[in-house]
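K.L.:
model the structure of this input:
(2 chains, ligands or ions: 1)
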Amino acid sequence: MTNETAERSQPRQRPIVPFLRLGEGGEKPYLVARKCKNCGALYWGNRVACARCRQQSGFEEVRVSDRGTLWTYSIVHQSMPGIPVPYVAAIVDLPEGISVRCTLVDVEPDPAKLPFGMPVEMVTRKVREDKDGNEVIAFFFRPAATS
Amino acid sequence: MRDVYVLGVGMIKFGRYPERDVAELAAEAAMLALKDADLTIDDVQLLASGNLFQAHAMVGQRILQQIGQTGIPVINVANACATGSTAFREAYLAVASGEYDIALAVGSEQMGKAGLLGAGERRESVEGILGSGLMPAVFGQAGVEHMRKYGTKIEHFAKISVKNHKHSVKNPLSQYQVEVTLEDVLKARMVAYPNTLYMCCPTGDGAAAAVVVSEEVKKKSNRKAVKVACSVLTSDPWTERDLTLPDVNTLTRNAAQKAYEKAGVGPKDLDLIELHDCFATAELLHYENLGLCPEGEAARAVDEGWFEWGGRQPVNVSGGLLSKGHPLGATGVANIYEIVTHLRGEAGERQVEGAKVGLAHVIGLGSACTIHIFTV
Ligand SMILES: [Zn+2]
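P.N.:
Have a look, this model is predicted:
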């Protein structure tokens, strides 16, 4: 029991979804996709066989880029109780050929500020603590710093 | 497969019935359809019942408990927003197969005020954090995608809302019968860009029913029958972004292609169309998906009023989901009610004159698409 208490006093970090990896030893967090070994189709999570090529050739885990471009979005002004609005609900294309559903942050929720194809980059933030006291870490995208 | 006809349709006014049981609402619609077909429940050999929120609660059998427990086979169907139209298709297939001569399809739903915002979603833990899985946002994103591809403006979507609200004024069974101006629509509260409040369908309760019969039964009846020229159901094939943005376009295009082939008609032959305008953005996309206008020209077609009552091809003269309402399980059968009523020349003030061919389209996100074409 004392061990458990000790663990609780040092909050651990937990990704909000399994395809977000938090990185170790100072490594930046990143997303991982499952890649069909036959046709190369990418998925967030497991498939029994490939939904695209129908082959059961197995999948390999691939690390995908933390930079992408804005494909489309909506600005949500009415959501479920307790969820702060407005937020920019976006679909971001990654260079590996998979898109990701995400919330855009650090940008005004205004169509004029959301040009199509805008370069974006991934950031992670703590969004809450779970019932065991772990910090729940989520990923977001924001307009990419121009390099 | 043999020919199948709709011999009767019925529908209750969409709205809110908090004091009623959903099976009662469904039973009322069923009785209207049977009376319309000049048949009784004793004639019915199979019942297909569509209901989403009570998918596990044997609504079909409860309908029979309300109107006659004849012991016939009952199929309870759930298929997202395509629930009602899938139930209709089950009734159609039962007769087309030759196994039955008279089948009844009923679609019903009691949504209360929960509505589409939470419907079918258990995303409390990631909603707003990992984007949005809410219907208004998903259809907002699909609309914005069209803006990106073709330069469509929010005004084009808004004009569709104006049209459908205007149509609904002449439909006594519509949940709302109120005209709105373009300014009203654009200035209304934003729900999920670019869809404002009037560009989102309301929540509500409702029921609709249809009786389908074989040619033999049709010949013995004095009622005017409408032929089911095709019944098509598709699911979403693998497409590039379907994983993250449900692709409502490809499965509709696939269904449309099959439907036109099977029915032996083309989009130009349609005298009226009831399509799935859960949001104004969706209606605009489906103009192109159903081939009602050339690719990328939906906005121009809207500006030129192609799809208004009195225009070249009226769409959603019932008021559409945007104004007539969208009680999920009832919607697919209600669309069929509207088409059949026009093809029989019984649509009163909103009648599309001389209508001979009509199409009913429904989409359920996840995804399922039905298209039925009717002819007289
Ligand atoms: Zn594959």
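K.L.:
chain A: strands as residue ranges?
P.N.:
A:13-15, A:20-21, A:30-36, A:42-43, A:59-64, A:67-76, A:87-94, A:98-104, A:119-129, A:135-143 (DSSP state E).
K.L.:
right, and those strands - which one's nearest the ion?
P.N.:
The ion lies closest, by CB to the ion, to one member of the strands of chain A: strand A:30-36, at 3.2 Å. Using the backbone N, CA and C atoms, a C-beta is placed for each residue, glycine as well.
K.L.:
and the closest one, average pLDDT?
P.N.:
Average pLDDT, strand A:30-36: 98.
K.L.:
repeat for stretch B:7-17
P.N.:
98.
K.L.:
buried sites along that stretch?
P.N.:
The neighbour-count check on stretch B:7-17 (16 or more other CB atoms under 10 Å in any protein chain shown) flags B:7-14, B:16-17 as buried.
K.L.:
nearest to chain A, of the residues you listed?
P.N.:
Nearest to chain A out of these is B:R16 (CB to the nearest CB; 19.6 Å).
K.L.:
ok, the residue in chain A positioned nearest to chain B - contacts?
P.N.:
Proximity to chain B, evaluated over chain A using CB to the nearest CB, is greatest for A:S74 at 3.0 Å. By CB atoms under 8 Å, 6 or more residues apart in numbering or on different chains, the contact list for A:S74 reads A:88-89, B:132, B:136-138, B:140-141, B:143-144, B:192-195.
K.L.:
ok, and the closest non-adjacent residue to it?
P.N.:
Nearest residue to A:S74, sequence neighbours excluded (CB to CB, 6 or more residues apart in numbering or on different chains): B:G140, at 3.0 Å.
K.L.:
so that neighbour sits against B:P194, correct?
P.N.:
Yes: using CB atoms under 8 Å, B:G140 is in contact with B:P194, at 6.2 Å.
K.L.:
shared neighbours of the two, anything?
P.N.:
With CB under 8 Å, 6+ apart, B:G140 and B:P194 have common neighbours A:74, B:281.
K.L.:
which parts of chain A sit against chain B?
P.N.:
Contact residues (CB under 8 Å from any CB of the partner chain) of chain A with chain B: A:16-17, A:41, A:43-44, A:51-52, A:71-80, A:83-85, A:87, A:89-91, A:93, A:98-103, A:111, A:116, A:127, A:138-140.
K.L.:
list only buried entries from those.
P.N.:
Neighbour-count burial within the residues of chain A next to chain B applies to A:16, A:41, A:43-44, A:52, A:71-79, A:83, A:87, A:89-91, A:93, A:98-103, A:127, A:138-140; the criterion is 16+ other CB under 10 Å.
K.L.:
what is the burial count for B:E99?
P.N.:
12 (other CB atoms under 10 Å in any protein chain shown).
K.L.:
on that earlier part again, just the ones in helices from the buried residues of stretch B:7-17, please.
P.N.:
Of these, none are assigned to helices by DSSP state H.
K.L.:
so which of those comes closest to the ion?
P.N.:
Ranked by distance to the ion (CB to the ion), the buried residues of stretch B:7-17 are led by B:F14 at 43.9 Å.
K.L.:
possible to save the strands of chain A as CSV with distance to B:G107?
P.N.:
Formatted as CSV, those follow (distance: least, CB to CB, whole Å):
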stretch, distance to B:G107
strand A:13-15, 42
strand A:20-21, 41
strand A:30-36, 38
strand A:42-43, 34
strand A:59-64, 40
strand A:67-76, 29
strand A:87-94, 30
strand A:98-104, 31
strand A:119-129, 40
strand A:135-143, 39
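K.L.:
adding distance to the ion, write the ones you listed out as CSV.
P.N.:
Output for the strands of chain A, formatted as CSV (distance: least, CB to the ion, whole Å):
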stretch, distance to the ion
strand A:13-15, 26
strand A:20-21, 23
strand A:30-36, 3
strand A:42-43, 9
strand A:59-64, 9
strand A:67-76, 22
strand A:87-94, 18
strand A:98-104, 13
strand A:119-129, 26
strand A:135-143, 25
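K.L.:
between those strands, which one is nearest to B:V59?
P.N.:
Shortest distance between B:V59 and the strands of chain A, using CB to CB, is found for strand A:67-76: 32.4 Å.
K.L.:
what angle sits between that closest one and strand A:119-129?
P.N.:
For strand A:67-76 against strand A:119-129, the angle by axes from the mean of the first three to the mean of the last three CA atoms, to 10 degrees is 60 degrees.
K.L.:
so how far is strand A:67-76 from its chain's centroid?
P.N.:
Relative to its chain's centre, strand A:67-76 lies at 13 Å (CA atoms, centre = their mean, to the nearest Å).
K.L.:
same thing with stretch B:335-343?
P.N.:
With CA atoms, centre = their mean, you get 11 Å for stretch B:335-343.
K.L.:
list of residues touching that stretch?
P.N.:
By CB under 8 Å, 6+ apart, stretch B:335-343 touches B:6, B:9-11, B:85, B:88, B:208, B:210, B:226, B:271-272, B:274, B:317-318, B:347, B:351-352, B:355-362, B:372, B:374-376.
K.L.:
now restrict these to buried residues only.
P.N.:
For the contacts of stretch B:335-343, buried by 16+ other CB under 10 Å: B:6, B:9-11, B:85, B:88, B:208, B:210, B:226, B:271-272, B:274, B:317-318, B:347, B:351-352, B:355, B:357-362, B:372, B:374-376.
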